[in-house]
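A.B. asks: Sequence plus the predicted model coming up.
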Amino acid sequence: MDPGLCATCRHAQPIVAPRSTFWRCGLHDAQPSRFPRYPALPVRACPGHQAP
Ligand code: SF4
């Protein structure tokens, strides 16, 4: 699965499982109404995206 912007975001926290990789958004803890814990992939537009 292509994660889209999460692949190049400093807030992304990839969680590798045996059959798939989940992408957790680190901004969720501070702004849960704006950023889902596990965003729907691929993320094509995101106001929180920041390069590493
Ligand atoms: S801020 Fe956006 S691009 Fe970055 S990890 Fe969260 S959902 Fe993905």
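C.D. replies: Yep, that arrived.

A.B. asks: For the ligand, see how far away Ala12 is.
C.D. replies: 4 Å (Cβ to the nearest ligand atom, to the nearest Å). All C-beta spots, glycine's among them, are computed from the backbone N, C-alpha and C.

A.B. asks: my guess is that residue contacts Leu27, does it?
C.D. replies: No. Using Cβ atoms under 8 Å, Ala12 is not in contact with Leu27, being 9.6 Å away.

A.B. asks: what does the protein have sitting close to the ligand?
C.D. replies: Counting by Cβ under 6 Å from any ligand atom, the chain comes close to the ligand at 5-6, 9, 11-12, 25, 27, 35, 39, 43, 46, 48-49.

A.B. asks: Which members of the residues you listed are classed as buried?
C.D. replies: Buried by 16 or more other Cβ atoms under 10 Å: 5-6, 9, 11-12, 25, 27, 35, 39, 43, 46, 48-49, out of the residues of the chain next to the ligand.

A.B. asks: And stretch 1-14, how far out from the chain middle?
C.D. replies: Computed by Cα atoms, centre = their mean, to the nearest Å, the chain-centroid distance of stretch 1-14 equals 5 Å.

A.B. asks: Which ones among the residues of the chain next to the ligand lie within helices?
C.D. replies: Judged by DSSP state H, helices contain none of the residues of the chain next to the ligand.
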